[in-house]
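A.B. asks: the sequence and its predicted three-dimensional model are supplied below.
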Amino acid sequence: MQFFKNLFSSNKKDYNKIQKEAEETRMNLPLDEMFVVNYKKAGGKFFYPENMEELQNQLKGLLKLLNEDRFVAIDRGYYHFLIKLKLPVTSKIENNGILIGGCEYLIAEEGAILVSSKNILNYRNNELPHKRIFITTTDQIVKDKREALEKINKKYEEYPSNIQSFSKFKKKEAEEEGLFWMDASLFLIER
């Protein structure tokens, strides 16, 4: 009997040790890799286009894949950007369509996307389309929310309102936690 106890308890210790080492390795990744790992783990989709033509093709592909006929851009810059790329876009918030825009920061430790009134005006999460695309740059990745909020404080003379973080991209998990679910895709562009 002691033999079996030793056999199974040593495996449990080894498993726990391996799990702890894997977590430590994940936390010691460079910020961009840590963000990608955590974002995908939360259910987000990640794209890294090399140029504008590839970005345009991927956006067209997402319209088809997500069975939508247009993008929703509440930011004038993104609206004109999509017009320039000859993609269907509206500025009216509707339940259908794919919201497209920017964000304040990407939170590496959580795989979350932090937005403010500068990105989504004063719309609440549940007033926006479920399907969302964020176009961002690698220099927007920060370690944690504290760092993001400090940078926001330095970035703006008037502190923005409606600061939210999106971190649940799997419908079942979000609903189990009583959270609003969203389907998010992220286009990360090298700056």
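C.D. replies: Yep, that arrived.
A.B. asks: contacts, neighbours, all on C-alpha from now
C.D. replies: Noted.
A.B. asks: hmm, residue 63 is touching residue 70, no?
C.D. replies: Yes: using CA atoms under 8 Å, residue 63 is in contact with residue 70, at 7.0 Å.
A.B. asks: what touches both of those two?
C.D. replies: Shared contacts of residue 63 and residue 70 (CA atoms under 8 Å, 6 or more residues apart in numbering): residue 98.
A.B. asks: now do the contacts for the residue positioned nearest the centre of the chain.
C.D. replies: In the chain, the residue lying closest to the centroid (CA atoms, centre = their mean) is residue 113, at 4.5 Å. If you count contacts by CA under 8 Å, 6+ apart, residue 113 has them with 103, 104, 105, 106, 107, 165, 166, 167.
A.B. asks: hmm, try it at 10 Å
C.D. replies: Neighbouring residues of residue 113 by CA atoms under 10 Å, 6 or more residues apart in numbering: 35, 39, 102-107, 134, 136, 140-141, 145, 164-168, 184, 186.
A.B. asks: strands along the chain, start to end?
C.D. replies: With DSSP state E as the criterion, the chain has strands at 45-47, 71-72, 89-90, 98-101, 105-107, 112-115, 131-137, 141-142, 164-166, 183-189.
A.B. asks: as a markdown table, those strands with distance to residue 78 and mean pLDDT would be great.
C.D. replies: Listed next are the strands of the chain as a markdown table, based on distance: least, CA to CA, whole Å; pLDDT from 0 to 100:
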| stretch | distance to residue 78 | mean pLDDT |
| --- | --- | --- |
| strand 45-47 | 18 | 86 |
| strand 71-72 | 9 | 95 |
| strand 89-90 | 9 | 94 |
| strand 98-101 | 6 | 93 |
| strand 105-107 | 17 | 96 |
| strand 112-115 | 15 | 94 |
| strand 131-137 | 9 | 91 |
| strand 141-142 | 20 | 96 |
| strand 164-166 | 20 | 89 |
| strand 183-189 | 13 | 75 |
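A.B. asks: can you redo those as TSV with distance to residue 29?
C.D. replies: Converted to TSV, those look like this (distance: least, CA to CA, whole Å):
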stretch	distance to residue 29
strand 45-47	18
strand 71-72	34
strand 89-90	37
strand 98-101	27
strand 105-107	14
strand 112-115	16
strand 131-137	18
strand 141-142	13
strand 164-166	22
strand 183-189	18
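A.B. asks: closest one to residue 121 among the ones you listed?
C.D. replies: When the strands of the chain are compared by CA to CA, strand 112-115 sits nearest residue 121, at 9.5 Å.
A.B. asks: and that closest one, how far from the chain's centre?
C.D. replies: Here strand 112-115 is found 6 Å from its chain centre; the criterion is CA atoms, centre = their mean, to the nearest Å.
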